[in-house]
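Asks: Got a predicted model here, sequence first, then my questions.
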Amino acid sequence: MSLASVAAADRFVDLAGLLESCEVDGFHADFLSWGHYRPEYWRNYWHTHSFHEVCLAYSGEGRFNSGSVQYDVAPGSLFLARPGDVHEIESSRVAPLGIAFWGFTFRPAASGIRAGEAPTLPSADRRPAGPHHPGDNRRAAAPDLPGWWSGLTRADGPVISSRGGAIPSLISALAAEAAAPVAGYSTALGALGATLVLETARAFAFDEDLAVEPVRRDRGPLVVEAMQRHLRDNLSRPITVRDVAAAAHLSERHAERLFTQQTGASIMSTLRRLRLELAAQLLLDPTLTITDVAHACGYSDVRPFSTAFRRKYGRTPGNHRRAGGTEFI
């Protein structure tokens, strides 16, 4: 999504009253302002806030004064005023500045968090052990210690950033949702708002505060699970190894090798087992004929179905039905 889409998001202001708060990773944000300045000359004189205010420049030029430091801003610039920061913004007269802005409070969520205690992080966000990062102890450090949130909580953090990332897309999506709310808008806006807070904090965080331990994932079990799911979902249909491999985006050889390695059985032997296990259940339904059961389990004819069933269970489908699925000794 380009910055041009942000220019079209003048309905950003419509979020007032629609998106008032959200929670993200154990923190709570109350949105206090949503706004949009068209690219024409304007000046926002020296002032301060009790909340975080963030601006994204999408066109033109201007300056952002924070305390005694002046910053030049241009399309793509993000600039932040933390609570208590005295600041002002002025557009260029020659190339007027266009911005979208949002203001919000940011604090640990009250639920489940005691004073001075931070939220539990997901496993992928555990801090790497080291002099500035506690080990993987299932609980994050206090909110003023390193983490993605430190982009908002560290007073010594940067106030200008070019790391907009997904923020232009989020602004456009939020504005579009606000412009024409439909069923489910509250959930959609809450998710987008939480992501906006997270991406905003990341944009102003130090690199070392964003570092996490390398995420190592073995895709093998997930891929095999997908292949098994494909088998279960298509038991009544003709299935080949090629079909299963294609569903997992693998070659037939790779799919068969991986499947056998993870399960100890081939794809086709697993298919036969699943079909016959389903048949054993369906035979207990008196409304189904044995032919119906055979077709539901991928057999085009009763004879090969009966042969396969007797080979696995030691009795015919009819005997299985008459015994109610139980075995007698």
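Replies: Nice, thanks for sending it over.
Asks: what helix or strand is the residue nearest to Asn234 when sequence neighbours are not counted on?
Replies: Closest residue to Asn234 apart from its sequence neighbours, by Cβ to Cβ, 6 or more residues apart in numbering: Asp243 at 7.7 Å. C-beta: built from backbone N, CA, C; applies to glycine. For Asp243, the enclosing helix or strand under DSSP states H and E is helix 241-247.
Asks: helices or strands up against that helix?
Replies: Applying 3 or more Cβ pairs under 8 Å, 6 or more residues apart in numbering; DSSP states H and E, we find helix 241-247 packed against helix 219-233, helix 252-263, helix 267-282.
Asks: one more time with 6 Å, if that's ok
Replies: helix 219-233, helix 252-263 (3 or more Cβ pairs under 6 Å, 6 or more residues apart in numbering; DSSP states H and E).
Asks: Now distance to Phe64 and mean neighbour count too, for these, in a markdown table please.
Replies: Shown next, in a markdown table, are the helices and strands packed on helix 241-247 (distance: least, Cβ to Cβ, whole Å; neighbours: other Cβ atoms under 10 Å):
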| stretch | distance to Phe64 | mean neighbour count |
| --- | --- | --- |
| helix 219-233 | 45 | 15 |
| helix 252-263 | 54 | 16 |
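Asks: quick one, helices of the stretch 1-150 of the chain?
Replies: For the stretch 1-150 of the chain, applying DSSP state H, counting those that start in this stretch gives helices covering 3-7, 150-153.
Asks: ok, of the ones you listed, where does mean pLDDT dip lowest?
Replies: Out of those, helix 3-7 stands lowest, with a mean of 74 (criterion: mean pLDDT).
Asks: For that helix, which outside residues touch it?
Replies: 58-59, 75, 100, 168, 171-172 (Cβ atoms under 6 Å, 6 or more residues apart in numbering).
Asks: Buried residues in that helix, which are they?
Replies: By neighbour count with 16 or more other Cβ atoms under 10 Å, helix 3-7 contains the buried residues 3, 5-7.
Asks: CA atoms only for that helix, dumped as CSV, please.
Replies: Extracted in CSV, the C-alpha atoms of helix 3-7 (Å, rounded to 0.1, in the frame of the first residue of the first chain):
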residue,chain,number,x,y,z
LEU,A,3,1.4,6.7,0.7
ALA,A,4,-1.0,7.8,-2.0
SER,A,5,-3.7,5.6,-0.4
VAL,A,6,-3.2,7.5,2.9
ALA,A,7,-4.0,10.8,1.0
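Asks: so what does the longest strand along the chain touch, helix or strand wise?
Replies: Longest strand of the chain, by residue count under DSSP state E: strand 27-37. Judged by 3+ Cβ pairs under 6 Å, 6+ apart, strand 27-37 is in contact with strand 98-104.
Asks: what separates the strand it packs on from the chain centre, distance-wise?
Replies: Distance of strand 98-104 from its chain centroid, counting by Cα atoms, centre = their mean, to the nearest Å, is 24 Å.
Asks: what do you get for stretch 250-258?
Replies: Distance, centroid of stretch 250-258 to centroid of chain: 29 Å (Cα atoms, centre = their mean).
Asks: cool, stretch 87-94 as well?
Replies: Relative to the centre of its chain, stretch 87-94 is centred 37 Å away, using Cα atoms, centre = their mean.
Asks: So what's the residue count around Tyr41?
Replies: Residues within reach of Tyr41, counting by other Cβ atoms under 10 Å, total 14.
Asks: and it, what does it touch?
Replies: 91, 93, 96.
Asks: out of these, which are inside strands?
Replies: Ser91.
Asks: Are any of the contacts of Tyr41 buried, and if so which?
Replies: Buried by 16+ other Cβ under 10 Å: 91, 96, out of these.
Asks: related to what we said a few turns ago, let me have the helices and strands packed on helix 241-247 in JSON lines, adding mean pLDDT and distance to Phe12 as columns.
Replies: Shown next, in JSON lines, are the helices and strands packed on helix 241-247 (pLDDT from 0 to 100; distance: least, Cβ to Cβ, whole Å):
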{"stretch": "helix 219-233", "mean pLDDT": "95", "distance to Phe12": "39"}
{"stretch": "helix 252-263", "mean pLDDT": "96", "distance to Phe12": "48"}
